[in-house]
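>>> Need the 3D shape of this:
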Amino acid sequence: MASNPPAKCCTVGVKHDGEPTGTTFKVGAYDAYLATPPAGVAAAQDTAILYLPDIISIWQNSKLMADQFAANGYLCLIIDLFNGDPLALNRPDDFDFMHVDPIVVAAVKYLREEKGVKKIGGVGYCFGAKYVARHYPAISVGYFAHPSFVDEEELAGFKGPLAISAAETDAIFPAEKRHRSEEILKEGGHPYQITLYSQTEHGFTVRCDLANKQQKFAKEQAFLQAVTWFNHYLL
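Residues are numbered from 1 along each chain as shown. Next up is the predicted model:
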């Protein structure tokens with residue numbers, strides 16, 4: 001694997017303050033949240049961000065992050081990869097990852113057919129990173145944060161620009177996995193970026209303690225990394 005399976009650190013974090021401004025609804029049978037660029041913000045035409053979340057799925061922090069993508073001009077859809085039943089930390093041996101793929105397909109179809117989107121950028125946090133990788137070329141530009149469960153073949157199969165935010169302390173995406181990912185992406189020959197954030201742990205981009213100055217800085221810089229990446233490669 002290019003990254004290890006989720007662990008306890010995937011559920012530890014701080015709930016962030018704020019009032020989400022998007023819409024909670026259903027894409028087919030699946031829970032979803034849609035954030036739309038507010039009035040006065042120039043919206044990216046025919047373009048959207050598909051947000052594939054960590055195992056906590058659609059909640060306060062992920063909604064606020066989707067709103068931030070919208071504030072930067074991107075229609076942003078979060079889809080519940082777990083169909084109302086977030087992944088248990090001690091997953092059963094027969095857990096079928098393939099059951100997640102149809103949910104991503106439904107989200108892509110909604111963006112294409114209902115919203116007229118032609119270009120989709122994918123953001124994958126922890127568990128969600130695997131499904132950004134798996135759904136190239138429907139997702140043409142990718143961004144991972146502290147990825148988990150991504151196989152080397154899946155990473156190599158993403159043939160578009162891909163950026164990764166990595167935590168300094170991360171048993172799921174440790175240095176050896178990060179370095180192997182660098183080798184795979186270099187061999188692929190497509191634009192890539194891997195940025196390591198000091199004094200951070202797995203999950204920092206979504207669930208860090210914003211009262212901690214360093215963690216807050218890292219979270220904000222990682223988000224800026226994603227937006228800058230999409231601004232350059234998706235627009």
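
>>> And the residue nearest the centre of the chain?
Taking C-alpha atoms, centre = their mean, the centroid of the chain lies closest to Gly124, which sits 2.0 Å from it.

>>> Could you confirm that residue falls within a strand?
Yes. Checked against DSSP: H, G, I helix; E, B strand; the rest coil, Gly124 lies within a strand.

>>> Wait, it touches Gly142, no?
Yes. Applying C-beta atoms under 8 Å, one finds Gly124 in contact with Gly142, separated by 7.1 Å. The way it works is simple: take the backbone N, C-alpha and C, and place the C-beta from them, glycine included.

>>> Just the residues contacting stretch 185-193, thanks.
Applying C-beta atoms under 8 Å, 6 or more residues apart in numbering, the contact partners of stretch 185-193 are 155-156, 158-164, 182, 194, 225, 229, 233.

>>> one more time with 6 Å, if that's ok
159, 161-163 (C-beta atoms under 6 Å, 6 or more residues apart in numbering).

>>> Repeat that for stretch 216-233.
Contacts of stretch 216-233 (C-beta under 6 Å, 6+ apart): 72, 121, 141, 143, 161, 163, 165, 195, 197, 200, 204-205, 208, 210.

>>> what are the bridge partners for the residue nearest to the centre of the chain, then?
In this entry, Gly124 is beta-bridged to Leu52, Phe144, by DSSP bridges.

>>> roughly how far apart are it and Ala39?
Distance of Gly124 to Ala39, computed by C-beta to C-beta, to the nearest Å: 29 Å.

>>> about what we covered before: I'd like the contacts of stretch 185-193 as CSV, with pLDDT, neighbour count and secondary structure appended.
Listed next are these as CSV, based on pLDDT from 0 to 100; neighbours: other C-beta atoms under 10 Å; DSSP: H, G, I helix; E, B strand; the rest coil:
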residue, pLDDT, neighbour count, secondary structure
Lys159, 98, 12, coil
Pro161, 98, 19, coil
Leu162, 98, 28, strand
Ala163, 98, 24, strand
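
>>> Can you tell me which of the residues you listed is closest to Val108?
The shortest gap between Val108 and any of these belongs to Lys159, at 16.6 Å (C-beta to C-beta).

>>> dump the residue contacts of the closest one.
136, 190.

>>> Which parts of this protein are helices?
For the chain, the helices defined by DSSP state H occupy 60-71, 101-115, 128-134, 152-157, 175-188, 204-207, 213-233.

>>> and the ones you listed as JSON lines, adding mean neighbour count and distance to Gly22?
Formatted as JSON lines, the helices of the chain follow (neighbours: other C-beta atoms under 10 Å; distance: least, C-beta to C-beta, whole Å):
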{"stretch": "helix 60-71", "mean neighbour count": "21", "distance to Gly22": "6"}
{"stretch": "helix 101-115", "mean neighbour count": "17", "distance to Gly22": "14"}
{"stretch": "helix 128-134", "mean neighbour count": "26", "distance to Gly22": "17"}
{"stretch": "helix 152-157", "mean neighbour count": "17", "distance to Gly22": "29"}
{"stretch": "helix 175-188", "mean neighbour count": "15", "distance to Gly22": "32"}
{"stretch": "helix 204-207", "mean neighbour count": "27", "distance to Gly22": "16"}
{"stretch": "helix 213-233", "mean neighbour count": "18", "distance to Gly22": "16"}
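
>>> separation between the residue lying farthest from the centre of the chain and Trp229?
Centroid-distance maximum for the chain: Gly40 at 26.1 Å, with C-alpha atoms, centre = their mean. Computed as C-beta to C-beta, the Gly40 to Trp229 distance reads 24 Å.

>>> gap between the longest strand seen in the chain and the chain center?
The residue-count maximum for a strand in the chain (DSSP state E) belongs to strand 192-201. Relative to its chain's centre, strand 192-201 lies at 15 Å (C-alpha atoms, centre = their mean, to the nearest Å).
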